[in-house]
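# Take this sequence and fold it.
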Amino acid sequence: MLGPWPTPAGPAETNHAPLTAPGATRAVERVLERVLETRLRQARETDAVFAQDMADRVAGFVRRGGKRLRTAFVWCGWRAAGGSGDPGAVLRTGAALELLQACALIHDDVMDGSPLRRGAPAMHVDFARDPRAGRAAGSADAFGTSAAVLAGDLALAWADDLLTETALAAPHGARLYDEWRAMRTEMVAGQYRDLRAQASGSSDAEEARTIAVLKSARYTVARPLALGALLAGADVPVLDALRAAGRCAGLAFQLRDDLIGAFGDPELTGKPSDDDLRSRKLTPLLAAAVRLADDTGDQEAAAVLAPGAGARPEHSVERMRAVLERTGARAEIEARIAELASAGLRHFEATGAAPVVRREFAALVERASGVAPQPTEELV
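Next comes the predicted model:
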């Protein structure tokens, strides 16, 4: 544990002056460091080998960062619901989300067989490269996979511990924990639907959307907004508006991530740009291309996008990229991102949040989706 409840405030948590969302993301780095130092000390007390081989790797992965978007959205939810004063619980909730994200990414890379993450070898690859990995019975790859699963489990345990400690010390802790529990279940459900769709070779657009909402949209934006709002004791209308805003903005984020997964530059993203296409992962982008190919009778495009056995070679990936462009799927998804980003902003405005908070939310949505949201006449 981090200490007796309520958890003592650290240097990042004692300044009650209103922070900005970027300020909250900077502050959460200090909170994360405190948490990691505590967990690493506990790991060393448990077992020195485990601490050096696994706990240090997980802490290093968390420290390599990411966008910290979830922390920023927790902050926006808290402020939209009238949160003020000591931001300690908000920052600890953001830190718990970052630990949960580490679990999700480590496990996702194992399931997808991705070699890179955050500009470095993925966790299972790093473990497999350990000189000791090939000495035991079985392959180094099998060792790496098994160890990475445990590393993801450890990150999840750290996240749950931190959120539970925060909830026990918070006035609305029971509601906070219920939201967290629902989010964890959705993550698993979305990941399973993703695996199932890939195994079946599905091209169904509704299934692709369900996966995107369960696996990413709610977890990245909607639930963090609600977690922050619950810390401020939000009422039902505010929560409903935030969840609607989060679903729209979160789906815009996932659609942008799908485009990056197909067309992104690994030098900029820190991860491969062809994994989704090689494995024919079901995304709204792929589903749109299949539909458009069928609608126009483009049999060549349909054949390129059809399910096939095993990973696709480089030339097939390039043909898939060309088809995503030629069918108009990429343009369609770009347009949908803009619609969703703007709708998310309109839903957020319905919370009655102060203009400064609305501007911060709009800036976050632009950062997540790659487009500047504009209010629309029609909510989605």
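# Quick one: mean pLDDT over stretch 181-192.
When pLDDT is averaged along stretch 181-192, the result is 95.
# cool, stretch 148-158 as well?
The average pLDDT for stretch 148-158 rounds to 97.
# buried set for that stretch?
Ala148, Val149, Ala151, Gly152, Leu154, Ala155, Leu156, Trp158 (16 or more other Cβ atoms under 10 Å). (Glycine included, C-beta is placed from N, CA and C.)
# Please apply the same query to stretch 239-257.
239, 241-257.
# In helices only, show me those.
Assigned to helices by DSSP state H, the following of the buried residues of stretch 239-257 qualify: 239, 241-257.
# Now the phi/psi pair for the residue most central in space within the chain, please.
Central residue of the chain (Cα atoms, centre = their mean): Thr220, 4.8 Å from the mean position. When read as degrees, to the nearest 10, the backbone of Thr220 gives phi -80, psi -40.
# Quick check: closest non-adjacent residue to it.
Nearest non-adjacent residue to Thr220, counting by Cβ to Cβ, 6 or more residues apart in numbering: Gly250, 4.9 Å away.
# Let's see the pLDDT reported for the one you found.
Per-residue pLDDT puts Gly250 at 96.
# tell me the mean pLDDT over stretch 373-380?
54.
# now do stretch 289-296
Averaging pLDDT along stretch 289-296 yields 96.
# Export it to CSV, keeping only CA atoms.
The C-alpha coordinates for stretch 289-296 follow below in CSV (Å, rounded to 0.1, in the frame of the first residue of the first chain):
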residue,chain,number,x,y,z
ALA,A,289,-13.4,-0.7,-47.7
VAL,A,290,-15.0,-4.2,-48.0
ARG,A,291,-18.5,-2.6,-48.2
LEU,A,292,-17.4,0.0,-50.7
ALA,A,293,-15.7,-2.6,-52.9
ASP,A,294,-18.9,-4.7,-52.8
ASP,A,295,-21.1,-1.7,-53.6
THR,A,296,-19.1,-0.7,-56.6
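# Verify the stated contact: the residue nearest to the centre of the chain with Phe253.
Yes: if you go by Cβ atoms under 8 Å, Thr220 and Phe253 touch, sitting 5.5 Å apart.
# shared neighbours of those two, which are they?
Shared contacts of Thr220 and Phe253, defined by Cβ atoms under 8 Å, 6 or more residues apart in numbering, are found at Leu69, Ala368.
# re the thing from before, residues in contact with the residue nearest to Thr220?
Gly250 touches Val213, Ser216, Ala217, Arg218, Tyr219, Thr220, Val221, Ala222, counting by Cβ under 8 Å, 6+ apart.
# name the element the nearest residue to Cys248 once chain neighbours are set aside belongs to?
Closest residue to Cys248 apart from its sequence neighbours, by Cβ to Cβ, 6+ apart: Gly344 at 3.6 Å. Using DSSP states H and E, the element containing Gly344 is helix 329-349.
# Pull out the buried positions in that helix.
329-330, 332-333, 336-349.
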